[in-house]
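In: need a 3D model of the following:
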Amino acid sequence: MHIAIAGNIGSGKTTLTTQLAKHYKWQAHFEDADDNPYLNDFYEDMQRWSFNLQIYFLNSRFNQVLEIRKSGKNVIQDRTIYEDAFIFAPNLHSMGLMTTRDFENYFTLFNLMDGFIQPPDLLIYLRASVPTLVNQIQKRGRDYENSIRLDYLKRLNERYEAWISTYNHGKLLIIDVDNLNFAESNEDLGYIVSKIDAEINGLF
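Out: The predicted structure is shown next:
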């Protein structure tokens, strides 16, 4: 079984992935942000590095999805390949930070890859307002995230909502995280687990 968690920067994907992997004894697959050779450069000069960064993420996540299916294990994945293609890359293109030529090249490659992968059995979307995202980003204090602008997060949120409203690849669970503190509250985590249990029972 393949469960994936989607959500904007700072919505709590990695924390929840870790907690659910522990609770259900699932194997966790994380985004390799710390090993990404383009991330620091990208935040310094988005226009120069946007295409390189997105291709790196696309390649990394494509390999991840293939590995997940091949493993035959119950896996929970932090962020999906769809978010790169339908949120981050188009956002960079619309902001003028990725050329149309690069974006079309990127999307052709994504469409090719999409034909080889299966969507997750359950997608969990963490919906968060911009103040919640900012609060979480500041709390974790990653240097390269210090320069993320509010309008960038707002644009991403709008794209997330548009994507989720048309998502039809499989089961979808939306969790509004503004009033939840699953990182520190067992009760809030329990609430999410009960929601997931209800969805998972329908998968078997």
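
In: quick one: the helices in this structure?
Out: 13-24, 39-44, 46-71, 81-83, 89-94, 100-114, 130-140, 150-166, 186-201 (DSSP state H).

In: what pLDDT, on average, does the last one get?
Out: Translated: helix 186-201. On average, the pLDDT along helix 186-201 is 92.

In: helices and strands around it, which ones?
Out: helix 13-24, strand 122-127, strand 171-176 (3 or more Cβ pairs under 8 Å, 6 or more residues apart in numbering; DSSP states H and E). The way it works is simple: take the backbone N, C-alpha and C, and place the C-beta from them, glycine included.

In: of all these, which one is nearest Asn157?
Out: strand 122-127 (8.6 Å; Cβ to Cβ).

In: roughly how far is the closest one from the heart of the chain?
Out: 9 Å (Cα atoms, centre = their mean, to the nearest Å).

In: neighbouring strands - and their directions - for that strand?
Out: Sheet partners assigned to strand 122-127 using DSSP bridges are listed as strand 2-7 (parallel), strand 171-176 (parallel).

In: winner for burial among those strands?
Out: Sort the strands paired with strand 122-127 by mean neighbour count, taking mean count of other Cβ atoms under 10 Å, and strand 2-7 sits at the top with a mean of 25.

In: so where's this protein shaky on pLDDT?
Out: 33-34, 144-147, 202-204 (pLDDT under 70).

In: need the strands paired with strand 122-127 in CSV with distance to Ala28, can you?
Out: Shown next, in CSV, are those (distance: least, Cβ to Cβ, whole Å):
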stretch, distance to Ala28
strand 2-7, 10
strand 171-176, 18
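
In: for Gly72, find the nearest of these.
Out: strand 2-7 (10.5 Å).

In: returning to what we had before: let me have the helices and strands packed on helix 186-201 in TSV, extended by distance to Leu133.
Out: TSV is the format used below for those (distance: least, Cβ to Cβ, whole Å):
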stretch	distance to Leu133
helix 13-24	11
strand 122-127	10
strand 171-176	13
